[in-house]
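Colleague: Sequence and predicted structure below; questions after.
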Amino acid sequence: MRVLVTGAAGFIGYALIRALLARGDVVVGVDNLNDYYQVSLKRDRLALLAEAGGNRFTFHELDFSDMAALTAALEGQPIDRIIHLGAQAGVRYSLENPQAYVQSNLAGHVNLLELARHRAVEHMVYASSSSVYGGNTKLPFAVEDRTDHPVSLYAATKRADELMSETYAHLFQLPLTGLRFFTVYGPWGRPDMMLWNFTRRILAGEPIPVFNHGEMYRDFTYIDDIVAGVVACLDHPPADDGAEKAGGSVKPHALYNIGNSQCEPLMKVIGLLEEACGQKAEMQMLPMQPGDVYKTYADISAIQRDLGYAPTTSIEVGVPSFVRWYREYHGV
């Protein structure tokens, strides 16, 4: 299979491409290598992909919100399916730089839909987010729940991506699957995310910021489990048969939660980090941040039913695994 992957130098993109290459797929990667976090980490991921893929991995450094550049780079390259992971990530950063989210998450998503439409691709899987559930208090979050009260611009752009995708599935019978990712962690993760930030600070003897005074709960999902779910989705395009799909569409468009289906207290995760780092954390207790949510918890029954998705990695295994990788990567 020939697969286009956007966000190829990112955390999930890197892990996913490794899995696709390992099973023999040909992968074309796209990423603009922006400086939202350290570019050196992205380049290190790409170097490993080039080594693993040989001539089955091609990379284009470009901004997919530039349709002319995207079209020119992919001219003459056959594409069977697309995994669109590229986006401007981060809830808190969307309060500071909203234009980055409009350009990447809205204009960029339309460009990938247009590319998929005109190339008549077999299936496009795209990244949504659990943040679309906003301030919902019903737990766990199910794909049938309301998603019309986002609490951040990032969440609003991801919900908009789902709505635009529904339009393309309706108008052009384009098979699409949106994945509402919960908190993803593991080796080669993102420096802006909590696990990396806390590990760095604990090892450096710096205080860690604990929001909502520690009363936070997250559905932490290990990267290997996420990759298994994305690949399963890629291999099973929703049918254009008029039947209702996960998320409620009767078009070839499915929406799935992809998480661990375990709601873990933040303080428990901090305890596991302390144990793995071999030192206690100095905690700075802070109020809730604007745009953040108190608790996330994935109802994954739809993706379990349709695709047999079954995450297997507990935080007791995953957190030490991340810390081991972090120490090895940084030599600390």
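Modeller: Cool, the structure landed. Residues are numbered from 1 along each chain as shown.

Colleague: Every contact and neighbour count from this point should use C-alpha atoms.
Modeller: Fine.

Colleague: Check which residues of stretch 287-303 are buried.
Modeller: Within stretch 287-303, the residues that qualify as buried by neighbour count (16 or more other C-alpha atoms under 10 Å) are 288, 291-303.

Colleague: As JSON lines, the residues you listed with secondary structure and pLDDT would be great.
Modeller: Output for the buried residues of stretch 287-303, formatted as JSON lines (DSSP: H, G, I helix; E, B strand; the rest coil; pLDDT from 0 to 100):
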{"residue": "M288", "secondary structure": "coil", "pLDDT": "89"}
{"residue": "G291", "secondary structure": "coil", "pLDDT": "70"}
{"residue": "D292", "secondary structure": "coil", "pLDDT": "75"}
{"residue": "V293", "secondary structure": "coil", "pLDDT": "78"}
{"residue": "Y294", "secondary structure": "coil", "pLDDT": "77"}
{"residue": "K295", "secondary structure": "strand", "pLDDT": "83"}
{"residue": "T296", "secondary structure": "coil", "pLDDT": "84"}
{"residue": "Y297", "secondary structure": "coil", "pLDDT": "87"}
{"residue": "A298", "secondary structure": "strand", "pLDDT": "92"}
{"residue": "D299", "secondary structure": "coil", "pLDDT": "96"}
{"residue": "I300", "secondary structure": "coil", "pLDDT": "97"}
{"residue": "S301", "secondary structure": "helix", "pLDDT": "96"}
{"residue": "A302", "secondary structure": "helix", "pLDDT": "97"}
{"residue": "I303", "secondary structure": "helix", "pLDDT": "98"}
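
Colleague: Which parts of the stretch 101-250 of the chain are helices?
Modeller: Using DSSP state H, counting those that start in this stretch, the helices of the stretch 101-250 of the chain run over residues 108-119, 153-172, 194-204, 223-234.

Colleague: Grab the CA positions of the third one and hand them over as PDB.
Modeller: So that's helix 194-204. The C-alpha trace of helix 194-204 is given here as PDB (Å, rounded to 0.1, in the frame of the first residue of the first chain):
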ATOM      1  CA  MET A 194       2.900  16.900  30.600                       C
ATOM      2  CA  LEU A 195       4.900  13.600  30.900                       C
ATOM      3  CA  TRP A 196       7.900  15.100  29.100                       C
ATOM      4  CA  ASN A 197       7.700  18.400  31.000                       C
ATOM      5  CA  PHE A 198       7.400  16.700  34.400                       C
ATOM      6  CA  THR A 199      10.200  14.200  33.700                       C
ATOM      7  CA  ARG A 200      12.600  17.000  32.700                       C
ATOM      8  CA  ARG A 201      11.700  19.100  35.700                       C
ATOM      9  CA  ILE A 202      11.900  16.200  38.200                       C
ATOM     10  CA  LEU A 203      15.400  15.100  37.000                       C
ATOM     11  CA  ALA A 204      16.600  18.700  37.000                       C
END
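
Colleague: follow-up on the earlier one: would you reformat the helices of the stretch 101-250 of the chain as TSV and include mean neighbour count, distance to N257 and mean pLDDT?
Modeller: As requested, those are exported to TSV (neighbours: other C-alpha atoms under 10 Å; distance: least, C-alpha to C-alpha, whole Å; pLDDT from 0 to 100):
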stretch	mean neighbour count	distance to N257	mean pLDDT
helix 108-119	19	19	98
helix 153-172	20	13	96
helix 194-204	18	21	96
helix 223-234	20	10	98
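
Colleague: closest one to E215 among the ones you listed?
Modeller: Nearest to E215 among the helices of the stretch 101-250 of the chain is helix 194-204 (14.6 Å), distances taken as C-alpha to C-alpha.

Colleague: what does that closest one rub up against?
Modeller: Identification of contacts with helix 194-204 by C-alpha atoms under 8 Å, 6 or more residues apart in numbering yields 185, 189-191, 207-208, 273-274, 277, 279-282, 323, 326.

Colleague: residues near H213, how many?
Modeller: For H213, the count of nearby residues is 14 (other C-alpha atoms under 10 Å).

Colleague: With Q99 as the reference, measure out to the nearest residue to it once chain neighbours are set aside.
Modeller: Nearest residue to H213 in three dimensions, chain neighbours excluded: M285, at 4.8 Å (C-alpha to C-alpha, 6 or more residues apart in numbering). Relative to Q99, M285 is positioned 31 Å away (C-alpha to C-alpha, to the nearest Å).

Colleague: just H149 next, same as before
Modeller: With C-alpha to C-alpha as the criterion, H149 and Q99 are 20 Å apart.

Colleague: which one of the helices of the stretch 101-250 of the chain lies closest to A50?
Modeller: Relative to A50, the nearest member of the helices of the stretch 101-250 of the chain by C-alpha to C-alpha is helix 223-234, separated by 18.9 Å.
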